[in-house]
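[1] Generate coordinates for the sequence data below:
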Amino acid sequence: MALARAFSVALVGVTGAVVEVEADLAQGLPGLTMVGLPDTALAEARDRVRAAVVNSGLPWPQRKITLGLSPASLPKRGSGFDLAIAAAILGADAGVVPPDALLGRVLVGELGLDGSVRPVRGVLPAAVTALQRGFTSVVVPAANLAEARLLPGVEARGVRTLTDLVCLLVGADYDEPDGDASGLDGADGRPALDLVDVAGQVIGRTAVEVAAAGGHHMLLLGPPGSGKTMLAERMTGVLPPLAPEEALEVTAVHSVAGVLPPSSPLVSRPPFQDPHHTSTVSSIVGGGSGIARPGAAALAHRGVLFLDEAPEFARGVLDALRQPLESGRLSIRRVGGTAEYPAGFTLLLAANPCPCAKEAERCTCPPETRRRYLARLSGPLLDRIDLHVRLPRITKAEILAEDGRGEPSEQVAARVAEARDRAAARYAGTPWRTNADVPPQEMLRRWRLHRDVTAPAEQHLDSGELTARGFCRVVRTAWTLADLAGLDAPGTAQVEHALGFRGLVPAGRRAA
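    Numbers count the residues shown, from 1 in each chain. Prediction:
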């Protein structure tokens, strides 16, 4: 009897567990038996691995082969175990691969029938799991090498074929891919959009700046052509670049989803997701058979989730966002297990005031029709939206003006960065970095404002126009306005301005 062990990683969401792949060669009828809760794709590995070994010119053991995937109680899915399975079998077959060469390494990759090593999803979170479990070396497909090398502290090696893997394990030279990730800028292929392109809309531009500075959710309500979509699409341009640890966190989610571009596997800029209004709950919050895969909400983590024509989305889709809006995480339970994904996004909703989407003076919709249309946005969802912004129709003068454009995104982004730095300094030593991150009870307990300052909001709270949650969100927005103004704390003007963003104070009473 001959025995060898190799190691791989099983992912559930963006978290993983190291899987020990044991190969036992014994006397008996030649064949391969796999145990340890493999799914269909993994069970088919017996045929892929055998063809890959034979077509690579390597010997296939003519013995009874038993493969054990441990821990046996953990479901294993996908084809990323192929490299570890092949290495374990070749390690158990004396004279092919030294069994000791498999120790301390994690192998992730899919094998083609010709022995080529194909890319797989989730290489970055697999490397993170390996490092956390004490492994300092990972072997991945050449196409995933740049992604694996994003993680410091891990020696990542890339292989193009099964023969390359054998050469690596026996210490022979082979044509190792470069996979240099040091020069990656995180470009995602989206064109650069600038706020200077937006004509007029001082209110909308200010709201975008406030939302970006504090991480506040926002509803843009206005007639067609008022610039709702243009403003939303330009919000990521005023957000600060992702910090290194944030970039790795976002990249891990995109890696599991399989949407990382090979030429730029690091997501260093805030992502932007704008699903169509026909999207299902599963496509927004995540789903699929077995372990749920990330949806648009998780892919928008640390960035913007934009729902254009929000009332056209199914009611269940919109209400499914209420939980991640509060917690910043998604926990999706399926029969195959529970997948958890980070979902700390900024939600932007855009809506017309009525179904016909005509100007107010030309609208023929009955009042009840307009009420039902906007009522598709439920009260509990709207209560979680900090900024409710009504955009006016753009005038002819604003459209045709040559020198009446607003500031470019670069200038707005500089103010946003300064405001975020002030908030980060205030919350130093806490897990929060923006005003929208702070739980309501902590905001009212540790950064309580004087009653004279919050008096305008308290009046609306007493009258029932403002809920307890809404009151806390007004206070958080006031802190953001103070950060943008360079103040140590909000005053009454900032509180009234924050109330105005919820439609509770006449525009004339807002602070400048």
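
[2] contacts, neighbours, all on C-alpha from now
    Fine.

[3] my guess is Glu22 meets Ser8, correct?
    No. Using CA atoms under 8 Å, Glu22 makes no contact with Ser8, being 11.0 Å away.

[4] More neighbours: these two, which one.
    Ser8 (27 against 23; other CA atoms under 10 Å).

[5] Mind telling me what element that one is part of?
    Using DSSP states H and E, Ser8 sits within strand 2-12.

[6] what mean pLDDT would you report for the next helix or strand after that strand?
    Next in sequence after strand 2-12, counting helices and strands by DSSP H and E, comes strand 15-26. The average of the pLDDT scores along strand 15-26 is 95.

[7] what is the orientation angle of strand 15-26 with strand 2-12?
    160 degrees (axes from the mean of the first three to the mean of the last three CA atoms, to 10 degrees).

[8] For strand 15-26, give me every contacting residue.
    Applying CA atoms under 8 Å, 6 or more residues apart in numbering, the contact partners of strand 15-26 are 1-11, 61, 63-71, 84-85, 88-89, 92-93, 125-126, 129-130, 133, 340.

[9] Please pick the buried ones from those residues.
    With burial judged by 16 or more other CA atoms under 10 Å, the buried subset of the contacts of strand 15-26 is 3-11, 61, 63-70, 84-85, 88-89, 92-93, 125-126, 129-130, 340.

[10] Now do the strands in the stretch 51-200 of the chain.
    64-70, 105-107, 110-111, 117-118, 137-141, 155-159 (DSSP state E, counting those that start in this stretch).

[11] and what of the stretch 201-350 of the chain?
    218-221, 272-273, 304-307, 329-334, 337-342, 346-351.

[12] what about these, which gets the closest to Pro439?
    Closest of the strands of the stretch 201-350 of the chain to Pro439 is strand 329-334, at 14.2 Å (criterion: CA to CA).

[13] Identify each buried residue in that closest one, please.
    In strand 329-334, counting by 16+ other CA under 10 Å, buried: Arg329, Leu330, Ser331, Ile332.

[14] Low-confidence ranges, the stretch 101-250 of the chain, go.
    180-191 (pLDDT under 70).

[15] tell me the domain boundaries of the chain?
    2-170, 205-399 (automatic domain parsing).

[16] Would you mind reformatting those (as TSV) and adding columns for distance to Asp421 while you're at it?
    Below are those laid out as TSV (distance: least, CA to CA, whole Å):
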stretch	distance to Asp421
domain 2-170	26
domain 205-399	10
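
[17] And the ones you listed: which comes nearest Asp437?
    domain 205-399 (7.6 Å).

[18] Count the residues that sit near Pro152.
    As a measure of burial, Pro152 has 12 neighbours, counting by other CA under 10 Å.

[19] Phi first, then psi, for it.
    Backbone geometry at Pro152, expressed as degrees, to the nearest 10, gives phi -70, psi 150.

[20] Distance-wise, check it relative to Ala130.
    According to CA to CA, to the nearest Å, Pro152 stands 12 Å off from Ala130.

[21] do Gly503 as well
    Counting by CA to CA, the gap from Gly503 to Ala130 is 51 Å.

[22] residue boundaries of the helices in the stretch 101-250 of the chain?
    Applying DSSP state H, counting those that start in this stretch to the stretch 101-250 of the chain gives helices spanning 123-132, 145-148, 162-170, 202-214, 228-233, 244-257.

[23] Tell me which of these sits most buried.
    helix 145-148 (a mean of 28; mean count of other CA atoms under 10 Å).

[24] Which strands or helices does that helix pack on?
    With contacts defined as 3 or more CA pairs under 8 Å, 6 or more residues apart in numbering; DSSP states H and E, helix 145-148 has these neighbours: helix 123-132, strand 155-159.

[25] Ok, which of the ones you listed comes nearest Leu481?
    Nearest of those (CA to CA): helix 123-132, 37.3 Å.

[26] Could you tell me how far that closest one lies from the centre of the chain?
    17 Å (CA atoms, centre = their mean, to the nearest Å).

[27] Same check on stretch 263-279?
    Using CA atoms, centre = their mean, the offset of stretch 263-279 from its chain centre is 8 Å.

[28] just stretch 138-150 next, same as before
    20 Å.

[29] just stretch 251-261 next, same as before
    9 Å.

[30] hmm, who's touching it?
    13-14, 120-125, 188, 265-267, 293-294, 298-299, 341.

[31] taking the mean pLDDT, what do you get for that stretch?
    91.

[32] and His388, that one's in a strand?
    Yes. Counting by DSSP: H, G, I helix; E, B strand; the rest coil, His388 is found in a strand.

[33] Setting aside sequence-adjacent positions, which residue approaches Arg133 most closely?
    Val18 (7.4 Å; CA to CA, 6 or more residues apart in numbering).
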